[in-house]
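**Student:** Only the shape, not the letters, is given here:
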RNA sequence: GCGGCUGUGGUCCAGCCUGGUUAGGACUCAAGCUUCCCAAGCUUGAUGCCCGGGUUCGAAUCCCGGCAGCCGCACCA
């Protein structure tokens, strides 16, 4: 049976060492989470696998790191200063707050998103708008910015923000990397790091946090020139079926890439590769869909936008964990205008500003998805998680703690620990030790027993079936290597 | 941010209404015994009333404020 409630899952996470609220001993602060000793290893492995997978798609996809703090002007150019803040108006009578632009739009029927604080206040007075909830008088308009503002310099003389997304740092590096990469296009710049949003009310655990981790890959290209290249690569994914839900569909269906040929090749190619990552690396198949967002749902600069959604019981259904956004030349054009630096490159006999396709992953949400889909309860509580991602890959036990088995098991542990993330446990009954590893998703348990002392062999128990095989210690490392690398199945060694 | 409910060892909960022995249970954890393969048993032990203020001879319990969590509303370029 699959674990259903967030309470149960959060309880295990706290008890065993995965994830819990940050600054807990002082009462905590909403929207901030710590990763414990198991959670940190899981997250770390996920990020490693993510980098390995996406950077190997093309030898011209690379990793960069940029600061968490960005100067005011950067986010002014990107549009975040304007679009990431809302004007809120509070009712003098009932105290409820409303978005000022929505109040105005409801009356005028025209977009008021461009309006500033004073304009909205004047418009509300002019149109005589009262509180939608209680009809009371509305108070002053106030700016609310979702970005954390920081003061830079000893006297705080310059304003900056904690970045609301990692992408802007990457975009600003386009001209430098364009030259450093010897003008080879297309190229991709990936980054993994924190981003910050001052959410009004963070809820649903790690799903909406004020500080969270992003893993993003921005690909820079010129559609008219590089379309052909991606068209060729479609052959790579031609036989893949992907679970797609187009706008207007009410459920997903498995389709081949031929059936979404209305989308550009660079888009289809990366969409398929994203699904491949979920299928092969995260081993998620049934509870995933690639959902296309309608023009109302997506931001105006996203010309094509699919979200990766995973069906998570603990969060009540389909939840976004990643997105693929075709952002056209919006980002580089904005920075070209704001910085007065040339972002265009020679193409087709003129200068063109490259387009961007962005692969954006919420790391914490993906970690949560692994835990949500992986936990099973019933006869035993166990976590099913890919071997390469598991916090510990192997555990080593002595069957009993006497007659030299304890010492022998320590030898085996020391040998394996250099190759795998290995755990050694000697306390409690053997059954209890298996159960402990079940709960944290350790795929293989190696047990030293009395036969070990005579013939130098041990048993390996697989978490999925609890079946065991007996192997000689000389072959142990090699067999575990093949199992964790998925070169062999456990079944192959049975019988 | 607004309203309702909630906050007790590591986890989950009882106690609170009606203030008063040493705050109780289950699981967990540690040490030891036992143990030839799936949370067994025995012994011993560790850890707790979210924070701050008030009322009172006395507060886990009543009152006020804060913080956090859940649900609903709003928010989520």
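**Tutor:** Everything's here; your move. The structure presented is a predicted model; accordingly, all values stated were derived computationally and were not measured. Numbering: from 1, shown residues only, chains lettered A, B, ... in the order given.
**Student:** neighbours of the closest residue to residue A:330 other than its chain neighbours, just the number please.
**Tutor:** Counting by Cβ to Cβ, 6 or more residues apart in numbering, residue A:330 lies nearest to residue A:301, which is 3.9 Å off, once chain neighbours are set aside. Every C-beta, even on glycine, is put in place using the N, C-alpha and C of the backbone. Residues lying near residue A:301 (other Cβ atoms under 10 Å) number 17.
**Student:** go on, residue A:108?
**Tutor:** Using other Cβ under 10 Å, residue A:108 is surrounded by 11 other residues.
**Student:** again, but for residue A:303
**Tutor:** Neighbours around residue A:303, by other Cβ under 10 Å: 16.
**Student:** now residue A:234
**Tutor:** Residue A:234, neighbours per other Cβ under 10 Å, totals 16.
**Student:** Residue A:210 too?
**Tutor:** Using other Cβ under 10 Å: residue A:210 sits among 19 other residues.
**Student:** Please report the distance of the residue nearest to residue A:330 from RNA strand B.
**Tutor:** As judged by Cβ to the nearest atom of the strand, to the nearest Å, residue A:301 and RNA strand B stand 8 Å apart.
**Student:** what do you get for residue A:181?
**Tutor:** Distance of residue A:181 to RNA strand B, computed by Cβ to the nearest atom of the strand: 26 Å.
**Student:** repeat for residue A:489
**Tutor:** Plainly put, residue A:489 is 17 Å away from RNA strand B if you go by Cβ to the nearest atom of the strand.
**Student:** and the residue in chain A positioned nearest to RNA strand B, how far is that from residue A:467?
**Tutor:** RNA strand B sits closest to residue A:431 of chain A, with a gap of 2.4 Å, by Cβ to the nearest atom of the strand. Applying Cβ to Cβ, to the nearest Å, the value for residue A:431 to residue A:467 is 15 Å.
**Student:** Mind checking which of those two has more residues around it?
**Tutor:** Neighbours were counted for residue A:431 and for residue A:467 using other Cβ under 10 Å; residue A:467 has more, 14 against 9.
**Student:** So for that one, what's the nearest residue that isn't a sequence neighbour?
**Tutor:** Beyond its immediate neighbours in the sequence, the residue positioned closest to residue A:467 (Cβ to Cβ, 6+ apart) is residue A:494, lying 6.6 Å away.
**Student:** Tell me where the stretch 1-150 of chain A has strands.
**Tutor:** A:19-21, A:33-35, A:61-63, A:69-71, A:85-91, A:97-99, A:138-145, A:149-152 (DSSP state E, counting those that start in this stretch).
**Student:** show me where pLDDT drops low in chain A?
**Tutor:** A:1-4, A:92-96, A:111, A:113, A:133-134 (pLDDT under 70).
**Student:** Residue A:189 sits in which helix or strand?
**Tutor:** Using DSSP states H and E, residue A:189 sits within strand A:187-196.
**Student:** List the neighbours of stretch A:323-342 that are in contact with it.
**Tutor:** For stretch A:323-342, contacts defined as Cβ atoms under 8 Å, 6 or more residues apart in numbering pick out A:73-74, A:76-79, A:167-168, A:171-172, A:174-175, A:220, A:264, A:267, A:270-271, A:274, A:298, A:301-308, A:343-344, A:351-360.
**Student:** Which strands or helices does the biggest helix by length in chain A pack on?
**Tutor:** Criterion DSSP state H: the longest helix present in chain A is helix A:37-55. If you count contacts as 3 or more Cβ pairs under 8 Å, 6 or more residues apart in numbering; DSSP states H and E, helix A:37-55 packs onto strand A:61-63, strand A:187-196, strand A:211-221, helix A:363-374.
**Student:** Mean neighbour count and distance to residue A:118 for the ones you listed - can I get that in TSV?
**Tutor:** As requested, the helices and strands packed on helix A:37-55 are arranged in TSV below (neighbours: other Cβ atoms under 10 Å; distance: least, Cβ to Cβ, whole Å):
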stretch	mean neighbour count	distance to residue A:118
strand A:61-63	16	44
strand A:187-196	20	28
strand A:211-221	23	32
helix A:363-374	24	38
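**Student:** Could you point out which of those sits nearest residue A:230?
**Tutor:** The closest of these to residue A:230 is strand A:211-221. By Cβ to Cβ, the value is 8.1 Å.
**Student:** residue boundaries of the strands in the stretch 151-300 of chain A?
**Tutor:** When assigned using DSSP E, counting those that start in this stretch, the strands of the stretch 151-300 of chain A occupy the ranges A:158-162, A:187-196, A:211-221, A:241-245, A:253-256, A:288-292.
**Student:** which SS class is the residue nearest to residue A:9 when sequence neighbours are not counted?
**Tutor:** Leaving out its chain neighbours, the residue that sits closest to residue A:9 by Cβ to Cβ, 6+ apart is residue A:314, at 5.0 Å. Three-state call for residue A:314 (DSSP: H, G, I helix; E, B strand; the rest coil): helix.
**Student:** My guess is residue A:314 contacts residue A:12. True?
**Tutor:** No - judged on Cβ atoms under 8 Å, residue A:314 makes no contact with residue A:12 at a distance of 10.9 Å.
**Student:** Looking at these two, which has the bigger crowd around it?
**Tutor:** More crowded of residue A:314 and residue A:12, by other Cβ under 10 Å: residue A:314, with 23 against 19.
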